[in-house]
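> Return a 3D structure for these sequence lines:
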Amino acid sequence: MFSCIRVWCSNHPASHPLSLTPLRHLSQQIPCVFAESKASFTEPLKDLTVPEQESVTLECELSKPDQKVKWLKDGKEIKPDRKKGITTKSDGRRHSLTIPRPVSDDSAEYTAKCGEEETKAKLTVEGIDLFTVCCCFTSL
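Numbering: from 1, shown residues only. All right, here's what the predicted structure looks like:
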């Protein structure tokens with residue numbers, strides 16, 4: 001009676017064939033439920049410490065490709081910023097946030113969030129030691 005039907009997931013562009021074999025001895029229909037598993041972080045963010053003005057990239061990886069990731073700084077959503085050069089990148093399962101010239105105000109807890117899943121890390125930006133800089137210039 002049945003040969004093949006196709007099942008579509010609302011958030012997945014591909015269809016999947018499903019073969020059904022009729023069971024003649026069953027007089028009732030059996031309901032089928034298909035649930036697609038959620039994406040989870042397979043590689044979490046890592047705490048980093050960098051000197052001021054040295055580019056830093058926070059990276060993580062999800063279990064599924066092409067998922068939307070929201071970035072937060074101390075719980076507030078952040079967006080790419082042309083003025084500061086802050087960029088986000090998604091490449092399959094890998095996601096990153098880059099701050100090209102961080103300053104002490106960029107020290108914070110950063111979060112990458114995908115649906116209900118999230119990963120957090122602390123970024124510490126160390127200030128430049130002005131005493132060392134001054135000594136280096138005065139000894140020239």
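> what is the rounded mean pLDDT of the helix or strand containing K113?
For K113, the element it lies in under DSSP states H and E is strand 108-114. Per-region confidence: strand 108-114 scores 98 on mean pLDDT.
> now for it, which elements pack on it?
Where contact means 3 or more CB pairs under 8 Å, 6 or more residues apart in numbering; DSSP states H and E, strand 108-114 is packed against strand 56-62, strand 70-73, strand 94-99, strand 117-126. For every residue, glycine as well, the C-beta is placed using N, CA and C.
> These: which one's closest to S107?
Closest to S107 of those is strand 117-126 (CB to CB; 4.7 Å).
> List the strands paired with that closest one, with their directions.
strand 48-51 (parallel), strand 108-114 (antiparallel) (DSSP bridges).
> and of those strands, who's closest to K68?
Closest approach to K68 among those is made by strand 108-114 (6.8 Å; CB to CB).
> in that closest one, what counts as buried?
Neighbour-count burial for strand 108-114, with 16 or more other CB atoms under 10 Å as criterion, is recorded at 108, 110-114.
> Okay, now the unreliable bits of this protein?
Residue ranges of the chain with pLDDT under 70: 1-35, 129-140.
> Right, I'll leave it there.
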